[in-house]
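J.: Sequence and predicted structure, then a few things I'm wondering about:
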Amino acid sequence: MTSMNTPCFTVAMDLGVCQLRNVSISFLSSLLSAESSHVKLDNGSSGASVVAIDNKIEQAMDLVKSHLMYAVREEVEVLKEQIKELIDRNSQLEQENTLLKTLASPEQMAQFQAQVQTGSPPVPPTAATPGPPNTTQLTQPNSHSSGPSA
């Protein structure tokens, strides 16, 4: 049997179940110890003590059920929030994809379709689109000049 000091996990459902287990174990322990101190198992009172024990077990089961339902409801809320975030992210990516498709040239789209069909990795933009050289590198001043700068 595991100790009540067992470390809990950080995932919401695991945490809820761990907390539930700790509460339920302590509750059941207190019920059983309280019940066993009041019950004398002799032939005359055995029927009443069985009913009392059954009632305590039913109460404990109801408590466990309510704790489990609470933990499940919390997890459902977390999952609903994650689903909402994923739907928003998906919508954003679809809009970005549509924009990129409208801005891409027909040659780029054809190259992309070919890459998708062959499963090859994307080609860097410098190799994919031959064009004029990068003018920012050509127009930068020489940093090794010997004259004074003003």
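T.: Thanks, I have it. Residues are numbered from 1 along each chain as shown.
J.: Is Phe112 in contact with Ala104, as I believe?
T.: Yes. Using CB atoms under 8 Å, Phe112 makes contact with Ala104 at a distance of 7.2 Å. For the C-beta atoms, the positions are set from N, CA and C on the backbone; glycine is no exception.
J.: if you count what's nearby, which of these two comes out ahead?
T.: Phe112 (16 against 13; other CB atoms under 10 Å).
J.: Look at the nearest residue to Pro121 once chain neighbours are set aside and report its pLDDT.
T.: Excluding the flanking residues, the one nearest Pro121 by CB to CB, 6 or more residues apart in numbering is Gln115, at 7.5 Å. On pLDDT, Gln115 comes in at 91.
J.: following the biggest helix by length in the chain, which helix or strand shows up next?
T.: If you go by DSSP state H, the chain has its longest helix at helix 46-103. Using DSSP states H and E, the next helix or strand after helix 46-103 towards the C-terminus is helix 106-118.
J.: ok, and for that next one, which residues are buried?
T.: By 16 or more other CB atoms under 10 Å, the buried positions in helix 106-118 come out as Gln111, Phe112.
J.: could you check the angle helix 46-103 makes with it?
T.: Here the directions of helix 106-118 and helix 46-103 differ by 140 degrees (axes from the mean of the first three to the mean of the last three CA atoms, to 10 degrees).
J.: For helix 106-118, which helices and strands make contact with it?
T.: Judged by 3 or more CB pairs under 8 Å, 6 or more residues apart in numbering; DSSP states H and E, helix 106-118 is in contact with no other helix or strand.
J.: and Ala71, how many neighbours?
T.: The number of residues near Ala71, taken as other CB under 10 Å, comes to 19.
J.: Which pLDDT value belongs to it?
T.: 96.
J.: Kindly report the same for Gln59.
T.: With respect to pLDDT, Gln59 scores 95.
J.: what's the answer for the one 5 residues further on, then?
T.: In this model, Val64 is scored at 96, pLDDT.
J.: can you check Val76 too?
T.: Val76 carries a pLDDT value of 98.
J.: going forward can the numbers begin at 31, since that is how I track them
T.: Happy to do that; since the first residue is 31 now, the last one works out to Val106.
J.: What count of nearby residues applies to it?
T.: Neighbours of Val106 (other CB under 10 Å): 11.
J.: got the contact list for it?
T.: Under the criterion of CB atoms under 8 Å, 6 or more residues apart in numbering, Val106 has no neighbours.
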